[in-house]
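> my questions are about this predicted structure, shown below with the sequence.
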Amino acid sequence: MPPTTKPGFRQRFRCYFRWCRISLLFLVLLLLGSLTYLNRVGLPEFLKARLVSELRARGVILKFTRMRLRWYHGLVAENVSLGRADDPAGPHLSMGEADLKLDRAALHKLRFQINSLLLHDGRLVVPLASTNEPPEQFIVNDIITELHLLPDDQWQLDFQALCLGARVNLSGTLANASAIRDWQFKRAANQPPGLWQRQLRQVVKISRQMQFSRPPDILLNVRGDARDPASISADLRFSARHADTPWAKLEKLLLIAKLNRRLGSHDVGHSELKLQIADARTPWGQAQLSRLYVHWAQSFTNLMPSEVKLDWEISGVNTPWGEIPQARFTGRTVLSSDGSGRLKTELTLDSAVFQSEWFQLKTNRFTAQLIHAPDSVLPLQMDWQWAVQRPRSRWGEAQDFRLNGHADRVASKSPPQADASSAWWAALEPFHIDWESQIDSVTLTNVFVDNISLAGQWRAPELTIQKFHADLHGHQLDASAQIHAATREARAQSSFDFDAHRIESLLTPYLRRWLGQYSWRDPPKVTARVRVILPAWTNTPPDWRAEVLPTLQLDGELQSGEAAFRGVPVSSAQSHFGFSNFVWQLPDFVATRPEGRVEFSYTSDIQNHDFRFKLRSRIDLLALKTLFEGERPAVFDYFQFHEPPLVEGEIRGQWLAPEKFGAITRVRATNFVFREVPIRELAAFVQFTNRYVTATDVMIRGGGPLVSASGVGYDLATQTVYLTNAFSTADPKLITRAIGPHTEQILSPYTFKKPRTSHVNGWVEVRRGKHSDLRFELTGGPFHYWKFNVPQISGTVLWADETVTLTNLQADFYRGKLAANMHFDCMVPREADFNLRAHVTDADLRQLMTDILSPTNRLEGTLSGDLTVTKANTADWESWNGFGNVKLRDGFLWDIPLFGIFSTALNAVVPGIGNSRVSGCTATFTIANSVIHTDDMNIRSPAMRLAYRGTIDFKGRVDARVEARLLRDVWIVGRIVNFILSPLTKIFEYKVTGSLEEPKKEPLYIPKALMFPFHPIRTLKELFSEGKPNPPPPVEKPPPQ
C-alpha cells in the first residue's frame, strides 16, 4: 500500500472552488426558485404581513388578494383595496394593481421600507346612503396614481382619473402623513347628520344631466400637514367648453378656486372661488358674460362655513321678459351668534336698467335678509325690500315703487294640504308671509293716480290681500281679496267713488262706448263683492269661460247723485246688482227726476241671451228723446205732458233675436197734449209678442168726449192695425188733427159741428192701405159737406181692401129725409170709380137752394126724388153716368133763371100767370158722361104747364126745348081749353140754350121780330148780339171725395 501524502494547495483550492461553485449554483438555483415562486405564487404570509404592517405604520391601509414579484415592476399587489381600518363603511379605493417600490438601502439591512406606491386601474367608491331615496355612489374610475412615501413621514401624490365625466389631475404633498389615521371626522354639534353625503348626492345627480363636447379638465393641487388638517390647502381649476345641461347651454366655463388658505388663524381656512361663464343660454334667457366671486371661511372640524361672501356680475342679459345690460348680485352668509347653528344671509341685487316690451325699470335695488338652516336652501325667516325708481310701461309710468315683505317658516303639526295639483303654492305651504307695497304718482295713459298701496299675507292655504287703496283726483278705490289655494276659491270686496271717465283710456273700445253713455256731476259710489273658483293650478292655459265663468258670483250696490244716461238727466239713482249662474240681475233700480221716478228690475242670461225688465215709470217721456241717435223720431214733437204718465209692465226677449221680443205694459196718462189736441186722460193695457202689439181696455178722454176700444192690434210683420169695438164721441177734427195734417186736410170738407158717435171694427194695412177690412158705424150731427148742411146723419162705412162702401146712410135732409148707398173703388191712386143710389123725401127746396145758390132767391117747394149713379170717377167731373127722377110740389121756381125767362111772356098773355105757384113738378132723367137728359119734365100750375125736354151738363150748359100749355090743368075744362088754344101754344114753344145762370130762349115757330111787342128791349138786344154768344160761367164743383 502506497504511503499517503498530504493534499496540496491546488487540490484544496479545487476542492474549495468546487464547493463554492456548487454552493453558488445552489444559491442561484435557490434564488431563481425563490424568484419564480415569488412571481408565480407570491410572497409568503410572513413577508406580506411585514409589508402590510409597514404600510399601516405609514398610514396606509392596504388590502389585496395576493402580492408577487414582477421582473420589471418589483413587488406588485393585485386586487388592492385601501380604506380606513376603523371605518369599513367609508370610502374605498380599489386598484387592479399596486407597484410597491422598496428602499434598497433598507433592504440591504433586511428591512422593508416602502418608498412609493404606483396604482393602476383604480376605482374609488364613496357610498351615499339616504333613508328616503335609493342609494347612490360617488365613483372615480381609471385611477392612475403614484404615491411617494418620502422620508420624514411625507407623502407626495400624482393622481389621474375620470370622475363624473371629467378628467381629473390631482397632485400634492402632505407632511406627517401618518397622522391621517388619527383624523376624527366628527359631526359638529350644530351640524345636521349626513350633510356632506346629501350635498355629494346632489352633485352626482346634477352631473348625470350634464353633457360636454369633450371631457372637462379638473386640476387640483393639495398641500399641508396631516397633523394640522386645518393647514391643508388646495388649488382647483375646472374648465369646460360647449356644455349642455337641462338648465343652460354654456359656450365656455372656467372655475378657479383657492381652498383653505390660512390668513392668520390656525382654526379657520379661507377659500375663494372665481367662476366665469361666456355665452350662457337658458330656457329663461341668455347672458353674454357672467363672473362669480365667492369667498368663505371654514373650519376643518366643521364642514359648515362660518362665513360666505358672494359677488356676481352679469352683463348682456336677454330674457323673454326683458333685457338687463348690467346687473350685480352680492351676498353674505355668516353663522348665527346665538349658537343655534343657523345661517344669516344678506342679499343685494342692483340693476341699473331693466327694459322689456312691457316695462322699463330704472335704479332697481332688491335686498333680502334670510335666516336658514344649514341643510336647507329654504329660509326659516326672510325679510325683503325692493325699490324701483321711475318705472315705465306701455300703459304708463310712476315716480317710484316699493315692495317690502316678511316670511317665517313655521312647523305644522297637521299633514301637508298640498298635493299633486297644488302647483306653485305647495312650496309656500310651510311659510307665513306678510307684504306691503306702494306706488306713487302713477300715470296710466291719461289717468293720474296719486298713490296706490297694497298689503297682504299668506297663511297656508289662504292668500289674503288685506288692503288695496288708490287715490284718484280726490277720490278713492278700496279693495281686499282672499284666495283659498286648496279649494281655488277666490273672494274679493271693493268700493270706489272715483270718476270712471278718467280711466277710459285703460278700457277696451267696447267698454269705452258703454261707459260713454253715462255722465254725472259727482262720481257714483259703488260697492261690490265677488266669489269665483279659479282654474286648476296645473291647467295651462285655462279655459276661463268654461271653467271659471260658471262659478262666478257677484253682488254689489250702486248709488249716484245727479247723472245722465244718453243725455237723459236724473236727480239720483241707486240699485243693487248681482251676477250668478250666467245671469245678471238689477233687482231694485230706482232713478228719480223732478217730476217723478222710474223703477225697474232687470235680469239677463248671458248664455241664451234672454232678458227681462219689470218697469214702473212716472217720468216725462219727452225726456227720453235724447236716447235716439241721429235724427230723433218726430213723435216726441207731438206730445206735451203737463203731468208725467204712469207706465207699468214687463219686457222680455232675447238679445240678437228681435223676433222674440215681448212686453206687457199698462199705460195711464193725464193732462197732456197730442198734436195740439188736449187730452185729459189716457189708459190702455199694451202687450207685444211675436212682433204683434195689442192694446186692450183703451180709453182716451178729453173733457166730455171719449175714445175707447176693447182691443187695438198692430202686426209689425204685415204693418196691419186691428180694431175691436172701437168707440168714439170725440170731435172728428180733433182725431184728424191728431192723426196728422195730411189726414186733416183730406177730411176737412166733412165737418161735424158736434162730436159724433162712431163704432169701428176690423183691420187695415198701414204701409200701403191696399188691404183692409174695416167697418165704421157713424151717428152725429149737424154735419156739413161742400154746401150741404144736415142736422143729423148716420151710416155704415165698409172699407175692404181698395173699396169703400157707404151703406144705410140716413140723414135729416132739409126737413126731409135722405137715404143713400155709395161704393168707391180706389185701386188707382188719387182717384176712385164710384156709384151711388140716393133717395130724398120731402126736402124743403127753399132751405136747400139757400145753401146751394143764394139766400136772396125765392125758391119754394117740397122736393122728393131718386138718384142713381151707375158709374163715375172722382177725378173726372165729366164721367158721371146714371139715372133718376125728381118730384116737387107746392113750389115756386120762377127765381131760377132757367124757368124765370118765361115769366114775362106768360104774364103778357095772362097777367100773373108767370108768377103763380107750382102745384107739382115731375121729371125722370138719365146721366151720360155728366150730361143730364130728360124728356118728361113737367111743371104744373093751375093756369099752365111747362114741359121741358133736353139736356144740361155739369158745367151748367143748357140745350132744351120748352113748351107752355095754357090752362092745361084747369079743373074739368082744362083739356078742352088746351085743345082750343093749341095753335097759340106754338107761340110759347122755345129752344133754350146758354147756361143755368144766363139762359137764352128762342121761339121755334115765330120769328124774333114778332116777339117785339112782348119784350121790345130784350128783342132788340138779342137781334144785335146773335153772333157774340157769352161763355157759360164756371160751375163750382164739390170737393173731391
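Alright, I've got the coordinates.

> assumed Arg545 was part of a strand.
No: counting by DSSP: H, G, I helix; E, B strand; the rest coil, Arg545 is not part of a strand but helix.

> what about it, distance to Ala490?
In this view, Arg545 and Ala490 are 17 Å apart by Cβ to Cβ, to the nearest Å. Placement of C-beta: from N, CA and C, glycine included.

> quick one: which of these two has more around it?
Of the pair Arg545 and Ala490, Ala490 is the one with more neighbours under other Cβ atoms under 10 Å, namely 19 against 9.

> that one contacts Gln482, correct?
Yes: taking contacts as Cβ atoms under 8 Å, Ala490 lies within contact range of Gln482: 7.1 Å.

> find the residue at the geometric middle of this protein.
Tyr510 (7.1 Å; Cα atoms, centre = their mean).

> which helix or strand contains that one?
Using DSSP states H and E, Tyr510 sits within helix 509-515.

> residues touching that helix, excluding its own?
If you take Cβ atoms under 8 Å, 6 or more residues apart in numbering as the criterion, helix 509-515 is touched by 500-501, 504, 507.

> torsion angles phi and psi at Leu117?
phi -120, psi 130 (degrees, to the nearest 10).

> show me the domain layout of this protein.
35-182+192-208, 209-217+224-301, 521-633, 876-1024 (automatic domain parsing).

> next, Leu31: secondary structure please.
Secondary structure state of Leu31, per three-state DSSP, is helix.

> can you report how many residues lie near it?
Leu31 has 10 nearby residues by other Cβ under 10 Å.

> Trp520 too?
18.

> the stretch 651-800 of the chain: strands as residue ranges?
Using DSSP state E, counting those that start in this stretch, the strands of the stretch 651-800 of the chain run over residues 657-674, 677-689, 692-701, 706-715, 720-728, 751-752, 757-765, 772-780, 783-785, 788-790, 793-800.

> just how off-centre is the third one within its chain?
This means strand 692-701. 40 Å (Cα atoms, centre = their mean, to the nearest Å).

> quick one: strands adjacent to it?
In the sheet, strand 692-701 lines up against strand 677-689 (antiparallel), strand 706-715 (antiparallel) (DSSP bridges).

> turn the ones you listed into a markdown table, including distance to Val992.
Below are these laid out as a markdown table (distance: least, Cβ to Cβ, whole Å):
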| stretch | distance to Val992 |
| --- | --- |
| strand 677-689 | 53 |
| strand 706-715 | 54 |
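
> between the ones you listed, which one is nearest to Arg529?
Checking those against Arg529 by Cβ to Cβ gives strand 677-689 as the closest, at 36.4 Å.

> between strand 657-674 and the closest one, find me the angle.
Strand 677-689 runs at 170 degrees relative to strand 657-674, counting by axes from the mean of the first three to the mean of the last three Cα atoms, to 10 degrees.

> flag every buried residue along strand 677-689.
For strand 677-689, the neighbour count (16 or more other Cβ atoms under 10 Å) marks 677, 679, 682-688 as buried.

> picking that back up, nearest to Ser728, out of the domains of the chain?
Closest among the domains of the chain, once you apply Cβ to Cβ, is domain 521-633, at 23.9 Å.

> quick one: distance of the closest one to the chain centre.
Relative to its chain's centre, domain 521-633 lies at 15 Å (Cα atoms, centre = their mean).

> and the helix holding Tyr510, C-alpha only, in CSV?
Extracted in CSV, the C-alpha atoms of helix 509-515 (Å, rounded to 0.1, in the frame of the first residue of the first chain):
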residue,chain,number,x,y,z
PRO,A,509,-113.3,100.1,-27.1
TYR,A,510,-116.5,98.2,-26.2
LEU,A,511,-116.3,99.3,-22.5
ARG,A,512,-115.5,102.9,-23.6
ARG,A,513,-118.6,103.0,-25.8
TRP,A,514,-120.7,101.6,-23.0
LEU,A,515,-119.3,104.0,-20.4
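
> low-scoring stretches of the stretch 801-950 of the chain, by residue?
The model of the stretch 801-950 of the chain has pLDDT under 70 over residues 854-857, 898, 900-914, 942-943.

> rewinding a little: distance of the residue nearest to the centre of the chain from Gly567?
To Gly567, Tyr510 is 21 Å away according to Cβ to Cβ.

> one step back: let me have the strands of the stretch 651-800 of the chain in TSV, extended by mean pLDDT and distance to Phe636.
Below are those laid out as TSV (pLDDT from 0 to 100; distance: least, Cβ to Cβ, whole Å):
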stretch	mean pLDDT	distance to Phe636
strand 657-674	86	11
strand 677-689	86	16
strand 692-701	86	19
strand 706-715	83	19
strand 720-728	86	21
strand 751-752	76	30
strand 757-765	85	25
strand 772-780	86	29
strand 783-785	79	35
strand 788-790	85	40
strand 793-800	88	30
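
> possible to save those strands as TSV with distance to Gly816?
As requested, the strands of the stretch 651-800 of the chain are exported to TSV (distance: least, Cβ to Cβ, whole Å):
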stretch	distance to Gly816
strand 657-674	40
strand 677-689	36
strand 692-701	36
strand 706-715	32
strand 720-728	28
strand 751-752	20
strand 757-765	23
strand 772-780	19
strand 783-785	15
strand 788-790	10
strand 793-800	13
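
> out of the ones you listed, nearest to Ser864?
strand 788-790 (16.1 Å).

> against which helices or strands is the closest one packed?
When contacts are defined as 3 or more Cβ pairs under 8 Å, 6 or more residues apart in numbering; DSSP states H and E, strand 788-790 sits against strand 783-785, strand 803-813.

> strands paired with the helix or strand just after the longest one, and their directions?
Of the helices and strands lying after strand 803-813 in sequence (DSSP H and E), the nearest is strand 816-825. Pairing partners of strand 816-825, with direction, according to DSSP bridges: strand 803-813 (antiparallel), strand 833-844 (antiparallel).

> quick one: closest of these to Glu429.
Short answer: strand 803-813, nearest of those by Cβ to Cβ, at 89.3 Å.

> what residues sit buried inside the closest one?
Buried residues in strand 803-813 (16+ other Cβ under 10 Å): 803-806, 809, 811-813.

> rewinding a little: and the contacts of helix 509-515, which are buried?
By neighbour count, with 16+ other Cβ under 10 Å, the contacts of helix 509-515 hold Ala500 as buried.

> most widely separated two among the contacts of helix 509-515?
Between all members of those, the farthest pair (by Cβ to Cβ) comes out as His501 and Leu507, at 10.0 Å.

> how about the helices in the stretch 201-350 of the chain?
Shown for the stretch 201-350 of the chain, no helices are assigned by DSSP state H, counting those that start in this stretch.

> oops, could you answer that again for the chain instead?
9-40, 45-57, 104-108, 195-208, 509-515, 732-739, 741-747, 845-852, 897-900, 903-909, 974-980, 982-985, 1016-1024 (DSSP state H).

> what about the fourth one, distance to the chain center?
Counting by Cα atoms, centre = their mean, helix 195-208 is centred 53 Å from the centre of its parent chain.

> ditto for the second one
Per Cα atoms, centre = their mean, the displacement of helix 45-57 from the mean C-alpha position of its chain is 90 Å.

> tell me the buried residues in it?
For helix 45-57, the neighbour count (16+ other Cβ under 10 Å) marks 48, 51-52, 54-55 as buried.

> any chance of the buried residues of strand 803-813 in JSON lines, with distance to Asp228 too?
Shown next, in JSON lines, are these (distance: Cβ to Cβ, whole Å):
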{"residue": "Thr803", "distance to Asp228": "132"}
{"residue": "Val804", "distance to Asp228": "132"}
{"residue": "Thr805", "distance to Asp228": "135"}
{"residue": "Leu806", "distance to Asp228": "137"}
{"residue": "Leu809", "distance to Asp228": "141"}
{"residue": "Ala811", "distance to Asp228": "144"}
{"residue": "Asp812", "distance to Asp228": "147"}
{"residue": "Phe813", "distance to Asp228": "149"}
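
> thank you, goodbye.
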